[in-house]
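> Got a sequence here, can you model it:
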Amino acid sequence: MNRTLVIGDIHGGLRALHQIMERANVTLNDTLIFLGDYVDGWSQSPDVIDYLIKLNEHQNCIFIKGNHDELLLDWLQNKNENIDESMWFKHGGEATVIAYSKVSQSTINKHIAFLKSLENYYLDDQNRLFIHAGFTNMNGINYEYFPKLFYWDRTLWETALALNETIDKDSVYYPRRFLLYKEIFIGHTPVTKIGETIPIQKACIWNVDTGAAFKGPLTIMDVDSKEYWQSEPLPSLYPTEKGRN
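The predicted structure is shown next:
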C-alpha cells in the first residue's frame, strides 16, 4: 500500500522520530512529507538531520522548511545579523549550538546543503498544500509577496481557530484563503496551546504540530485516512533535558 504520511515538528527529538516510524510501520512504499522545524529543542538536532539525509537515499521524502531550520542555516553560515541570539537560545537554539560543537566541519557542510534544499511548500496533485506555517496572500502561495511568511506566519491558523463555523463558504465573510486548497497541512504553532496533543482540523486546515518541542508527542499522520501514530511525550524520552519548556 502506498501511503502519504505527514510528520509534524521534530525539534531535535530523534528518539521520537524513531518511535513514530516504527509505530506507523513505515515502508519504502510510503511517501513522507516533513513539515519542518527539524531542530532546536532537544539535544539531537544534528542527529535528526543526519537521519533525514540518510532516509532520503532510499525513501521518497519531501522536506519543507521551518523557521528554526532557517535560523540554524544562518548560524551555520555565520550570518548572525539575522539572528537574535538570546531569543533563539530561549526557543531551543542553545541545545542546538551545544550539539553542533561536537560535529565535524564536513558533516556541517552536508547539513548546510540539506537546509538549503528545503522546500517552501509542497502542493500535491489533489490540490493539498503542505507548508510549515502558512501564507497571507488571499490569492494563495504563488502570489505571496514575503516568502518568509511560509515558515513564520501564524495568521492562517489563528484565523481558522477563530472562524465562526456557521459562516457559509459562499459568504463574503468566509476567509478566502480557506477556499483555495482542498486541505492545508501545517505545523509551526503547537496544538498544545489550545490544550490538545493530537492533530486538529479547523476549516480545511490540519495542524500536525502536537507539541514535541514542549511536553507533547511527535505525530505522523496518513493524509488520506487521517489515521495517526504518536511517540511518547518528549520529556519522557529526554528526562534530563528541558526541551523548549
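
> what is the rounded mean pLDDT of stretch 212-230?
Across stretch 212-230, the average pLDDT comes to 98.

> for that stretch, the distance to its chain's centre please.
Centre-to-centre, stretch 212-230 and its host chain are 11 Å apart (C-alpha atoms, centre = their mean, to the nearest Å).

> how about it: buried residues?
Across stretch 212-230, burial judged by 16 or more other C-beta atoms under 10 Å covers 212-223, 228-230. Heads up, the C-betas are built off the backbone N, CA and C, glycines and all.

> Mind picking the two most distant members of those residues?
The two members of the buried residues of stretch 212-230 with the most space between them (C-beta to C-beta) are 215 and 223, at 25.7 Å.

> before we move on, back to that, let me know the closest of the buried residues of stretch 212-230 to residue 83.
When those are ranked by distance to residue 83 (C-beta to C-beta), residue 213 comes first, at 18.0 Å.

> Distance check, that closest one against residue 68.
9 Å (C-beta to C-beta, to the nearest Å).

> what residues do the two have in common as contacts?
Common neighbours of residue 213 and residue 68 are listed as 11, 37, 40, 92 (criterion: C-beta atoms under 8 Å, 6 or more residues apart in numbering).

> Pick out the most distant pair among the residues you listed.
37 and 92, at 9.0 Å, using C-beta to C-beta across these.

> For these two, indicate the residue with more neighbours.
residue 37 (30 against 23; other C-beta atoms under 10 Å).

> after whatever helix or strand residue 151 lives in, next one along is what?
Assigned by DSSP states H and E, residue 151 belongs to helix 149-152. The helix or strand immediately downstream of helix 149-152 is helix 155-162, counting by DSSP H and E.

> CA atoms only: put that following helix into PDB for me.
Written as PDB, here are the backbone C-alpha positions of helix 155-162 (Å, rounded to 0.1, in the frame of the first residue of the first chain):
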ATOM      1  CA  THR A 155      -2.500  34.200  10.900                       C
ATOM      2  CA  LEU A 156      -3.700  31.300   8.900                       C
ATOM      3  CA  TRP A 157      -4.000  29.000  11.900                       C
ATOM      4  CA  GLU A 158      -5.300  31.800  14.200                       C
ATOM      5  CA  THR A 159      -8.000  32.700  11.600                       C
ATOM      6  CA  ALA A 160      -9.000  29.000  11.400                       C
ATOM      7  CA  LEU A 161      -9.300  28.800  15.200                       C
ATOM      8  CA  ALA A 162     -11.400  32.000  15.400                       C
END
